[in-house]
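A.B. asks: Okay, structure incoming, though there's no sequence with it:
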């Protein structure tokens, strides 16, 4: 029996809300992981988020430490989000094995990470028209740390892109041939 447009729209809205809730929890995981990465970077390498990590092409364009911290935080949060979405948001979808599902989710997340890093670079770069004000975000406390706000804003900007790609690719309905069936184990006597 074909699903009606109204019930499909309701299911998509429910999944979007669940995805948003998971994304919210992933945002918290990401922010905590980014803070830990930043603190570890400062303790282990004596670096700050805006310090250059790698100079590209001999120009003034650098990969900055905040890019590294954000990538580490992304990997932690992406794994968290995948598992929670797999168990809750898209639990009705026929699932392939964890690893075969994780790699499309990771690739989708990487596209969102690229968007996030671009947004972060604009927010952190003092010459950018959308640079976060250093008079407000002076890094004097956690709530005034520019990197934390740039990270959080960039996650919010990238979330809709992440949802749409995951909905149509990672958690799409599968062919029965793609689904890995896990056989139940017979009870031992």
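C.D. replies: Everything's here; your move. Please read all numbers here as calculations on a predicted model, not as lab measurements. Numbering: from 1, shown residues only.

A.B. asks: mind listing the helices for the chain?
C.D. replies: 5-45, 65-84, 98-124, 146-165 (DSSP state H).

A.B. asks: want to try a markdown table for those, with distance to residue 173, mean pLDDT and mean neighbour count as columns?
C.D. replies: Where C-beta positions appear, they are placed from N, C-alpha and C, glycine not excepted. Rendered in a markdown table, the data for these read as follows (distance: least, Cβ to Cβ, whole Å; pLDDT from 0 to 100; neighbours: other Cβ atoms under 10 Å):
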| stretch | distance to residue 173 | mean pLDDT | mean neighbour count |
| --- | --- | --- | --- |
| helix 5-45 | 12 | 92 | 16 |
| helix 65-84 | 18 | 96 | 21 |
| helix 98-124 | 13 | 91 | 18 |
| helix 146-165 | 16 | 88 | 20 |
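
A.B. asks: Which one of these lies nearest to residue 136?
C.D. replies: helix 146-165 (8.6 Å; Cβ to Cβ).

A.B. asks: As TSV, the helices of the chain with distance to residue 57 would be great.
C.D. replies: Output for these, formatted as TSV (distance: least, Cβ to Cβ, whole Å):
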stretch	distance to residue 57
helix 5-45	23
helix 65-84	16
helix 98-124	16
helix 146-165	24
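
A.B. asks: For residue 54, which of these is the nearest?
C.D. replies: Of the helices of the chain, nearest to residue 54 by Cβ to Cβ is helix 65-84, at 9.0 Å.

A.B. asks: Give me the helices and strands touching the closest one, please.
C.D. replies: Contacts defined by 3 or more Cβ pairs under 8 Å, 6 or more residues apart in numbering; DSSP states H and E place helix 65-84 against helix 5-45, strand 52-55, helix 98-124, helix 146-165.
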